[in-house]
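> no sequence on this one, just coordinates:
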């Protein structure tokens, strides 16, 4: 399995143990080899926390102060 995933056996053991230092690319390759790559799509589709984090990093629209439309108009 390690050879097919292009990783070392210790890296594969880390992945199996849930070590978070293993890259997502390695996880994706192993899931593909196991025929479980569609499961990764399902996880990504329901990533509410990831969506909130992404939304929080997006720039907010810049608001300007409302203009006084009566300023500068001739009186009377």
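Cool, got the structure. Just so it is clear, the model here is predicted, and its values are computed rather than measured.

> Report the distance from the helix or strand hosting residue 13 to the chain centre.
When elements are assigned from DSSP states H and E, residue 13 belongs to helix 9-17. With Cα atoms, centre = their mean, to the nearest Å as the basis, helix 9-17 stands 23 Å off its chain's centre.

> Quick one: work out the angle between the first helix or strand past that helix going along the chain and helix 9-17.
Reading on from helix 9-17 to the C-terminus, the next helix or strand found by DSSP H and E is helix 24-33. If you take axes from the mean of the first three to the mean of the last three Cα atoms, to 10 degrees, helix 24-33 sits at 80 degrees to helix 9-17.

> Quick check: mean pLDDT of helix 24-33?
Rounded to a whole number, the mean pLDDT of helix 24-33 is 93.

> who does that helix touch, helix- and strand-wise?
For helix 24-33, the contact count by 3 or more Cβ pairs under 8 Å, 6 or more residues apart in numbering; DSSP states H and E identifies helix 9-17, helix 37-45 as packing neighbours. Heads up, the C-betas are built off the backbone N, CA and C, glycines and all.

> Tell me which residues are up against the lowest-mean-pLDDT helix or strand in the chain.
Using mean pLDDT, DSSP states H and E, helix 37-45 stands out as the lowest-scoring helix or strand of the chain, at a mean of 78. Taking contacts as Cβ atoms under 8 Å, 6 or more residues apart in numbering, the residues outside helix 37-45 that touch it are 27-28, 31, 50.
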